[in-house]
Every structure is written in C-alpha cells, then in structure tokens.
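Visitor: What follows is a protein structure lacking sequence information:
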C-alpha cells in the first residue's frame, strides 16, 4: 500500500507537543491568566466582537507553491459553516472541496467525485470551526477550548481547540499581539505546523495574508500568499451544493462491460495495459494506492513529461518522491480510459519481493470509475460501467468508507478465543500478506503479547523496508465470514502508514483471495462471495528463508533472511547465499512464485544447492517444517 500526502487543505494534519512540561513550568501563570481573558484579548486583536459578528461571508484569492509547482487558490467561507475551496497547481493538479456544514465532497483533477469522510471530514470541520469564529461565538459550531499555559520562551499562550467531530488543534497565541503565530494538528504519524504572518485589516477585521505549512513525514512545505480578501459579498447558495459531474472518460469496445485477465505474482495482481498506445506493460492493481503510478524508466522511455517534486509515505519508515504526469491514456482488453492524471515514482524495491516486473500501479483513479469484480480463482477482472451495473443477489454487501482515496472496512479480530476487537482495516490488494496490524492498534491492545512463538520478518513497500512481528491469531471476521487462525503481522515501524492511528491495519491477498470480491466505489460498498478455497488454511514458508528475485529477468534468487533456529539455518544456509538448484533442478527458468511454493511444503525434504562467496557451491539437505 502506498499513500501520497498532498498538502492542499489550509488546515490539515499535524502533531502536538507534550504539554506536561509546559503545564508544570507555568502553574503560577495559569492561575493568574484565564481562558476567558485570553479569548477576549484575541477577539479584540482580530477586530472586536462587533466587527467579527457582522462578517457573514469571506472570499479570498491567492497563490500557492508546493513541490516546485506554482498555483492559485480561491476560497469561499460563510460564518454559518458553508465552505468551498478551489486549488489549481499550474494546470497540472486541481482540487475542489465543497462543504455545506454537514456533508462535503472533493473533486481532484480527473478523478470522480469523492464524498468527504474520515480524516478529511475531521480536518474540514476544524477549519470551519476556526473560520466561523466559533471560538468567539460558540452558538455557531460546537467545540471546547482549553488553556494549556505558555510555551518555554513565554512568547505564546497555548490553546487546545477541540471542535466537535473535528481534529484537535493546538494554537500558539502571541502574548504581545494576541494573534496566532502558528498552529499544529495531529493526524496519524504526520506533524504539520502552520505559520501565520502578514496580518492586515479588511473592513475592520484582521486576516493573515501569508501562511507556511510544514510537515515532518513526509517532509514537505506549502506556501500560501493571499492577494485579495472580500467581506460580505453575496454567494449563490448553489456554490455549496453537491457538484454534478457528467464527464465520461472511458469507453468499452463492446457494450458496458469487459473481462481483463491477470496473473498473480506472490499475491500481487498484475494486469497488462498500454500507455498512450505503447507496448504492453505490467501494472499492479493496488486498492491501497490513491493514484496511478508509473515507473520512472517507463516515463523516460515513453517521453512523458513530469511536473513537480512531491513526497509521499508508504508502509516503510521513509518518504519517497513523486511527480505528476498529465494526459495519460490507458488501454486494456475491451476498455480505454483517457486523460488521466498519474504520477512518476520509483517502486523498484517491490519487484524483488514480487519476483515480477512492475511498470506501474493502478489505484483509486482506476477503481473509482468502475464496478470491479476480482475472480482470484479464474485470474480475471470483470469491469462494469457503473451506470449499467445491476447487483446480483445471494452475496454479502458490506459498506466501506473511502478515507483519503483508499477503502476502509470494519472487521473483528480475536488474538485469543475470549476477547474480540473491532478495528478499521484497509482493503488492500497491494498487500501481499494476510492481515497487517498497525503499530498504535497493536500497542493499545497489547497484541504482541498474545502472539505465540512470533517470527520477525522483513518486507518492503513504497516507504522502503520495514519489519513485522508475525504469528497466527485465533480468528478474523469480515462481514459474516469468520476465518480461523489467519497469519497476522504487526508493523514495527514508528513512521509511515503502518504507524497511522487512523487505520488499525490492512487486509491483504491471503484473506481477499478466499473470495470473489467486488469493489463498488460509486456506492461505497464491497460484495463478498466465498470461493472454493475459503476454508483452506493459509500456507506459510516452511524453510526459514527470506528470498528475493534479482537480475534482469528476476530469476536470480538470494536469501536475504535466514530465521534463527529454522530448517535452513540448522542445515547451514547463510544470508547472502544464491539459490542455484532445488532437488537437482536448476532455477534459472523458475519464478519466485515457484520457489516459494516448494518451500511451503511442510514435511518434505529438499536438496538445496547454493552459491556462496568466491563462487563456492554448497549442497544442503533441508527437512521443511511448519513454522507458524
């Protein structure tokens, strides 16, 4: 799963400092400084209660700079909670958000309309609370404010603002001007600080005309410069209604449906497609990816123009760079999709673990346009036009929430027979494993303590390498379907998506492939139908070898991990050994899939030939055994 942090909302995610030291240091100050006094000083500094109360609408226009891309911003705000914002980054990327005080929608470049939910809805609610001056007029929007003392340099009063149903935000109010110097907000592992400056008077009220937003992970900076603010201009009510989009940018060669074959490589769904009439390319279907990604080598070969230099986060602890690409046309058997916005980013670290070439990734911008059914057993996708699709009966339909363009569903896990836990899990076709548990959820429920004889395994994603504590849990339940003893991995990274508390984990290939699975993004639901292998237990490696595929044809197999006490370790296999043959059969024409299948056969004995340093050939007899 990859997750891209596009920093385009004026008040978005961040993390708060620890207040314990502030509070201890400022006990005396807190006793003599009341919240009521601070709020009164704040409203006076902003222009006074009368002037602020007379504001009904605010229109602002300015420029933005992000990742080397310059753009424009237009914003409409009413003091009864309606809000609309339009951002255009140099004609490359655009985003429109509409909020009517209760519901919201997002239009992002060429993507279908999205309904606001999860973190995005919380952030919009917080933005509305502040922009409607609800901290002064509490009858407008509900929320709480706490005074947390002064910061160590005594330059700012620290206010903790908690809008109802919104993200908590910490505001630093200057002790001399009583205007906000900066603010911070928490959402997952990301810390964002917004610096406000260049306050100017407009019709008796003060507004910041400059803002800089910085995030810690991925490390990114957004600059906003306001050029115009107009007060109490009339807004049409239609401005805040749900946008209507009638653009159809796909075409089926026959009717309103097509079948697309795919292959499976270590759990990854790989589909042949063409970019702008190119030769066939292999794209991975990844429901956990909010964009369409293209390998930089392919981008260069096809002469595609890239724009900007932004940063994103994946499961690993490192951020990665990506650039936008306009006007992408994708062709599949029986289907063409035109004028898409894509991104160029290196995901070469995935290929060795999948054992297959990956030219690109199909994420939200593909899945959101269609109804897509995945037949894992037949290795086939059914792709339907949503306007002509009819749901079949006899299958379980479950609601999903699209949070930041990835599908999330509620499910239950039993680490032991007695205590079920409910969590929010990402449905992730790009997750090659079974069940992933994010660090915060695992820590809060002490899940690692419930693991019996866990293994520490390594993996890789868009955020680089990471490690997972791996074992089997008692049971997992999605909808009405209960799965016994699934393999479960706890993320150990303190950064990246795997450390995000807004998600509790992910559901991957070994669970999803037990079903015929339909993604219905237009109606925010999935449909499940168990396949013939539903009751079959998940198989796990029985050798103790962690193997990657390298070389131009990805047919050189190297042991990058040898688990201590495993059959391979006891036989004498070392990390770095190159596998040459299994049972006297050379591996040069094998795939990583085939090697992995052999090494999962618990109870079998294999003869493994490896090449070590200085071209030394060694032969090992390994009795495979169950490790999980």
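Guide: Nice, thanks for sending it over. Because the structure is predicted, anything quoted here is derived from the model rather than measured.
Visitor: And the helices in the stretch 151-300 of the chain?
Guide: 296-302 (DSSP state H, counting those that start in this stretch).
Visitor: same question, the stretch 351-500 of the chain
Guide: So, for the stretch 351-500 of the chain - with DSSP H, counting those that start in this stretch - the helices run 351-354, 364-367, 439-444, 447-450.
Visitor: what about residue 369, how many neighbours?
Guide: Here the number of neighbours of residue 369 (other CB atoms under 10 Å) works out to 22. No exception for glycine: its C-beta is placed from N, CA and C like everyone else's.
Visitor: Would you quantify the distance from it to residue 62?
Guide: 32 Å (CB to CB, to the nearest Å).
Visitor: Same check on residue 294?
Guide: 32 Å.
Visitor: Could you pull up the contacting residues of residue 168?
Guide: Under the criterion of CB atoms under 8 Å, 6 or more residues apart in numbering, the contact list for residue 168 reads 16, 126, 160-162, 185-186.
Visitor: ignore the last one, residue 210
Guide: 196-198, 223-226.
Visitor: before we move on, what about residue 158?
Guide: Taking CB under 8 Å, 6+ apart as the test, what residue 158 contacts is 19, 22, 147-151, 170-173.
Visitor: From what I see, residue 571 and residue 624 are in contact.
Guide: No. Residue 571 is beyond contact range of residue 624, at 10.4 Å (criterion: CB atoms under 8 Å).
Visitor: Of these two, give the one with the bigger neighbour count.
Guide: Neighbour count, other CB under 10 Å: between residue 571 and residue 624, residue 624 has more, with 21 against 18.
Visitor: Now the more buried one: closest residue in space, sequence neighbours ignored.
Guide: Leaving aside its chain neighbours, residue 624 sits nearest to residue 542 (3.9 Å; criterion: CB to CB, 6 or more residues apart in numbering).
Visitor: swap in residue 111?
Guide: That would be residue 365: by CB to CB, 6+ apart, it lies 5.5 Å from residue 111.
Visitor: residues contacting that neighbour?
Guide: Residues in contact with residue 365 (CB under 8 Å, 6+ apart) are 110-111, 290-292, 340-342.
Visitor: what's the closest of those residues to residue 496?
Guide: residue 290 (14.9 Å; CB to CB).
Visitor: which phi and psi does the nearest residue to the closest one once chain neighbours are set aside have?
Guide: What sits nearest to residue 290 in space, not counting adjacent residues and going by CB to CB, 6+ apart, is residue 405, at 3.5 Å. The phi and psi values for residue 405, taken as degrees, to the nearest 10, are phi 70, psi 20.
Visitor: Thought residue 114 was touching residue 405, still the case?
Guide: Yes. Between residue 405 and residue 114 there is a contact at 6.9 Å, judged by CB under 8 Å.
Visitor: hang on, the earlier thing: so of the helices of the stretch 351-500 of the chain, which one's packed in deepest?
Guide: Most buried of those by mean neighbour count (mean count of other CB atoms under 10 Å) is helix 364-367; its value is a mean of 24.
Visitor: For that helix, the averaged confidence score.
Guide: Averaging pLDDT along helix 364-367 gives 94.
Visitor: by contact count, what packs against the longest helix along the chain?
Guide: Criterion DSSP state H: the longest helix present in the chain is helix 118-131. Applying 3 or more CB pairs under 8 Å, 6 or more residues apart in numbering; DSSP states H and E, we find helix 118-131 packed against strand 83-89, strand 93-99, strand 104-108, strand 156-163, strand 180-187, strand 401-403.
Visitor: coming back round to it: buried only: go through the contacts of residue 365 for me.
Guide: 110-111, 290-292, 340-342 (16 or more other CB atoms under 10 Å).
Visitor: Return the subset of these lying in strands.
Guide: Per DSSP state E, strands hold the following members of these: 340-342.
Visitor: between the residues you listed, which is nearest residue 265?
Guide: Closest approach between these and residue 265, by CB to CB: residue 342, at 21.8 Å.
Visitor: distance of the closest one from residue 262?
Guide: Distance from residue 342 to residue 262, by CB to CB: 20 Å.
Visitor: Over to residue 622?
Guide: 33 Å.
Visitor: Show me which of these two is the more surrounded one.
Guide: residue 622 (24 against 21).
Visitor: Could you verify my assumption that that one touches residue 571?
Guide: Yes. If you go by CB under 8 Å, residue 622 and residue 571 touch, sitting 4.7 Å apart.
Visitor: Residues that sit against both of these two, list them.
Guide: residue 608.
Visitor: ok so, going back, between residue 405 and residue 114, what contacts are shared?
Guide: With CB under 8 Å, 6+ apart, residue 405 and residue 114 have common neighbours 108, 368.
Visitor: isn't residue 351 right next to residue 359, touching?
Guide: No. Judged on CB under 8 Å, residue 351 makes no contact with residue 359 at a distance of 10.1 Å.
Visitor: List the buried residues of stretch 557-565.
Guide: 557-563.
Visitor: for stretch 39-47, same thing?
Guide: 39, 41-43, 45-47.
Visitor: so what's residue 556 up against?
Guide: Applying CB under 8 Å, 6+ apart, the residues near residue 556 are 549-550, 578.
Visitor: looking at those residues, which has the most residues close by?
Guide: residue 549 (23 neighbours).
Visitor: so that one sits right up against residue 352, yeah?
Guide: Yes. Using CB under 8 Å, residue 549 is in contact with residue 352, at 5.4 Å.
Visitor: so what sits against both of the two?
Guide: Joint contacts of residue 549 and residue 352 (CB under 8 Å, 6+ apart) do not exist.
Visitor: The ones in strands among the buried ones among the contacts of residue 365 into a markdown table, with extra columns for pLDDT?
Guide: Below are these laid out as a markdown table (pLDDT from 0 to 100):
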| residue | pLDDT |
| --- | --- |
| 340 | 93 |
| 341 | 93 |
| 342 | 94 |
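Visitor: Adding distance to residue 428, write the residues you listed out as CSV.
Guide: Below are these laid out as CSV (distance: CB to CB, whole Å):
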residue, distance to residue 428
340, 21
341, 22
342, 20
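Visitor: So which of these is the closest to residue 303?
Guide: Looking across those and measuring by CB to CB, the closest to residue 303 is residue 342, at 14.2 Å.
Visitor: Enumerate every residue touching the closest one.
Guide: With CB under 8 Å, 6+ apart, residue 342 has these contacts: 291-294, 324-325, 328, 360, 365.
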